[in-house]
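>>> what follows is a protein structure lacking sequence information:
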């Protein structure tokens, strides 16, 4: 607004405005992912991404103390694979159900991609430690990746359940019930 006022009420209005922007953008990106990007090649690009994520698993297995990262990343990848299969199967039969699940699918994809990148960062940090690099920095990277694996990646399994529910309750109310 460009000026200061005494009550502060306008700050609440400005703070609340971001909610509509955020929701609209998230919904648009989710609908694009499910309705266009995933279906344009029937999930081939996503399958390639999942395969690339799985390639990290063998590197995590090399005994560098990455058991927690490996376990949670594998579960996240499996959840994303199952959610992708559900979306691809459902979109042709019930587009509303697939689109109702699209925001949860987008979030699931984001969590798993984040976990994959954090695992790669942990592997790079381990290599840096082995090469005699900055120990505090690299240990911090590994701790951050482990935190992400233990605290964020488990959300992927919960989101799989939400995705699979599709539109089961999203369209339970009629317009006049709002």
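Received it, and whenever you're ready, just let me know what you need. Only a predicted model underlies this, so the values are computations on that prediction, with no experimental measurement involved.
>>> C-alpha from now on. contacts and neighbour counts both.
OK.
>>> does residue 31 touch residue 101 like I think?
No - using Cα atoms under 8 Å, residue 31 is not in contact with residue 101; the gap is 9.2 Å.
>>> with neighbour numbers in mind, choose between the two.
The residue with more neighbours, out of residue 31 and residue 101, is residue 101; 26 against 21, by other Cα atoms under 10 Å.
>>> surely that one and residue 167 touch.
Yes - using Cα under 8 Å, residue 101 is in contact with residue 167, at 6.9 Å.
>>> any weak-confidence spans in the protein?
Applying pLDDT under 70 to the chain flags residues 1-7, 19-20, 22-23.
>>> pick out the residue nearest the middle of it.
residue 110 (2.2 Å; Cα atoms, centre = their mean).
>>> may I ask which helix or strand encompasses the residue found closest to residue 87 once you drop the neighbours it is linked to in the chain?
Closest residue in space to residue 87, ignoring its immediate chain neighbours: residue 98 at 5.7 Å, by Cα to Cα, 6 or more residues apart in numbering. Residue 98 belongs to helix 95-100 when assigned by DSSP states H and E.
>>> repeat for residue 51
Counting by DSSP H and E, residue 51 is part of helix 44-60.
>>> do residue 170 as well
With DSSP H and E as the test, residue 170 turns up in no helix or strand.
>>> show me where this structure has helices.
Taking DSSP state H as the test, the helices found in the chain are 9-32, 38-40, 44-60, 67-91, 95-100, 102-130, 135-151, 155-165.
>>> mind giving me the packing neighbours of the longest one?
In this structure, helix 102-130 makes packing contacts with helix 9-32, helix 44-60, helix 67-91, helix 135-151, helix 155-165, judged by 3 or more Cα pairs under 8 Å, 6 or more residues apart in numbering; DSSP states H and E.
>>> now distance to residue 38 too, for those helices, in a markdown table please.
Shown next, in a markdown table, are the helices and strands packed on helix 102-130 (distance: least, Cα to Cα, whole Å):
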| stretch | distance to residue 38 |
| --- | --- |
| helix 9-32 | 8 |
| helix 44-60 | 7 |
| helix 67-91 | 8 |
| helix 135-151 | 25 |
| helix 155-165 | 15 |
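>>> among those helices, which comes closest to residue 127?
helix 135-151 (9.0 Å; Cα to Cα).
>>> and that closest one, what does it pack onto?
Identification of packing neighbours for helix 135-151 by 3+ Cα pairs under 8 Å, 6+ apart yields helix 67-91, helix 102-130.
>>> what's the shortest one packed up against?
Which is helix 67-91. For helix 67-91, the packing partners by 3+ Cα pairs under 8 Å, 6+ apart are helix 44-60, helix 95-100, helix 102-130, helix 135-151, helix 155-165.
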